[in-house]
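1. Provide a 3D model corresponding to the input given below.
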Amino acid sequence: MRSVEDYQWLTSEAAQPLLAELQQKLSAAGQVDVRLAASLRKSHSATRTHLLLEQVELRRRARDKFADPSEMFFTRNGLEQCTDEVLARYKAARFPQDQPVADLCCGIGGDALALAARGALTAWDADPVTALFARCNLNLTARNQFEVKASKADASAVLNVAAWHIDPDRRATGERTIELNDYEPGPELLQQLLRTNPNAAVKIAPAAEVHAAEWLACERQWLGSRGECRQQVLWFGELALHPQEHVASVVSASGEANSFIGKPNLSLIPAASIHSYLYELDATVLAAHLAGAIAAEHQLSAITAGGGYLTADHFMQQPLLTPFRVRDVLPYDLRKLKSYCREHRLGQLEIKKRGVELQPHFVRRQIIADGDDAAVIFITPLADNVKAIVAERMPNN
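-> From the prediction side, this is the model:
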């Protein structure tokens, strides 16, 4: 059974040469040599051997979120739930410079690392192991004074800071949830914290629903990176730049953000037919319920009910819309599609779908032809019939 002492040993100087050796000998497949693992068990307990091997695996996986995680410490849940460093820096930029801030439910320190670069930081986490790992991670790069407290935070934690951030536990009931009432801490404590200090950022699940009447003057922002919508942030007080509006933002690896701001749940105009261009909405726009707003602004009509695919006869470039030029619109029929691909020598195919039950990889395997030409085929209902829209990607600079 793992004890806090085992984790303290893992983060001590005694374990660091072992971790470094294991990382050097990591194979291309991400597996540690079996003989090396066996030799570790001769001089260390099974628990500590497992902790070493697990940490090396987690550091390898953490490369998706951190430029250099080679000396960081992670728990499995902590790595899965933490904000990646690009989004963390983007979020931290809203916080005041050179003023004290707090990070409640800090986890292994994804957001705390970026906040500590802005000013003095007090971080809190109720789990002693997670707090230990956050302290170690902050020790690596924190440029300002910081303190990590291994305890639950209450309203007093935000009394003497300029602003605060919190990432409530979404697994308090044992399974991941999007219901704020099942978060830990839940809405009651969050509201108490806001009454104590209204300048705050609350990180929640992208799919979590928030009732505006319960969270007054709140800006809701959906953040995407690495091709997915990653989190929703509720901004309050002086940190809310667009109160009572929805914001969809995609942040590039360099930290550059493209955003769309608007009112949610505006009606979409359904398309009677497919026009010259098809536009695919970014996942952040869909999560933010801004499909109607972006369609209205750019005079687009909706192919799909939720607005995932839009169409128009004009070409335009918008960072949160991926443009495609439509080549043909066919009935969805595998036999006819196979013949079409053979005729046009479509040997490079990407299959996308909405509103239909099918496996894109299966369809691709059935219809792909010999040849060097490329196409994207969208399979989706239109006017009660399923269509296959053959298109090609357009530049979106």
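2. stretch 209-229 - what's its average pLDDT?
-> The predicted model assigns stretch 209-229 a mean pLDDT of 89.
3. just give me how far that stretch sits from the chain centre.
-> Centroid separation for stretch 209-229 versus its chain: 13 Å, with C-alpha atoms, centre = their mean, to the nearest Å.
4. could I have it exported to CSV, CA atoms only?
-> The C-alpha atoms that make up stretch 209-229 are tabulated as CSV, following Å, rounded to 0.1, in the frame of the first residue of the first chain:
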residue,chain,number,x,y,z
GLU,A,209,-24.3,24.1,-17.8
VAL,A,210,-24.5,27.4,-15.8
HIS,A,211,-27.7,29.3,-15.0
ALA,A,212,-27.0,33.0,-15.6
ALA,A,213,-29.3,34.1,-12.7
GLU,A,214,-27.1,32.2,-10.2
TRP,A,215,-23.8,33.6,-11.5
LEU,A,216,-24.4,37.3,-12.1
ALA,A,217,-22.0,39.3,-14.3
CYS,A,218,-20.2,36.2,-15.3
GLU,A,219,-18.3,35.8,-18.5
ARG,A,220,-18.2,32.3,-19.8
GLN,A,221,-15.2,31.4,-21.9
TRP,A,222,-14.5,28.1,-23.7
LEU,A,223,-10.8,27.4,-24.3
GLY,A,224,-9.4,25.1,-27.0
SER,A,225,-5.9,23.9,-27.7
ARG,A,226,-4.3,21.0,-29.5
GLY,A,227,-7.4,20.4,-31.6
GLU,A,228,-10.0,20.1,-28.8
CYS,A,229,-12.1,22.2,-26.5
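5. mind giving me the packing neighbours of the helix with the most length in the chain?
-> The longest helix of the chain (DSSP state H) is helix 46-61. When contacts are defined as 3 or more C-beta pairs under 8 Å, 6 or more residues apart in numbering; DSSP states H and E, helix 46-61 sits against helix 4-10, helix 16-24, helix 34-43, helix 76-81. Every residue, glycine included, has its C-beta placed from N, CA and C.
6. next, find the distance separating Arg364 from Ala374.
-> 12 Å (C-beta to C-beta, to the nearest Å).
7. overlap in contacts of those two?
-> Residues touching both Arg364 and Ala374 (C-beta atoms under 8 Å, 6 or more residues apart in numbering): 349-350.
8. one step back: going by mean pLDDT, which of the helices and strands packed on helix 46-61 comes out lowest?
-> Out of these, helix 34-43 stands lowest, with a mean of 74 (criterion: mean pLDDT).
9. okay, the closest residue to Gln299 other than its chain neighbours and Gln318: tell me how far apart.
-> Excluding its sequence neighbours, the residue lying closest to Gln299 (C-beta to C-beta, 6 or more residues apart in numbering) is Ala312, at 6.3 Å. Distance of Ala312 to Gln318, given as C-beta to C-beta: 11 Å.
10. and for those two, which residues touch both?
-> Common neighbours of Ala312 and Gln318, counting by C-beta under 8 Å, 6+ apart, are 279, 298.
11. is it fair to say Ala391 lies in a strand?
-> Yes. Per DSSP: H, G, I helix; E, B strand; the rest coil, Ala391 lies within a strand segment.
12. verify the stated contact: it with Thr380.
-> No. Using C-beta atoms under 8 Å as the test, Ala391 is too far from Thr380 to be in contact (11.7 Å).
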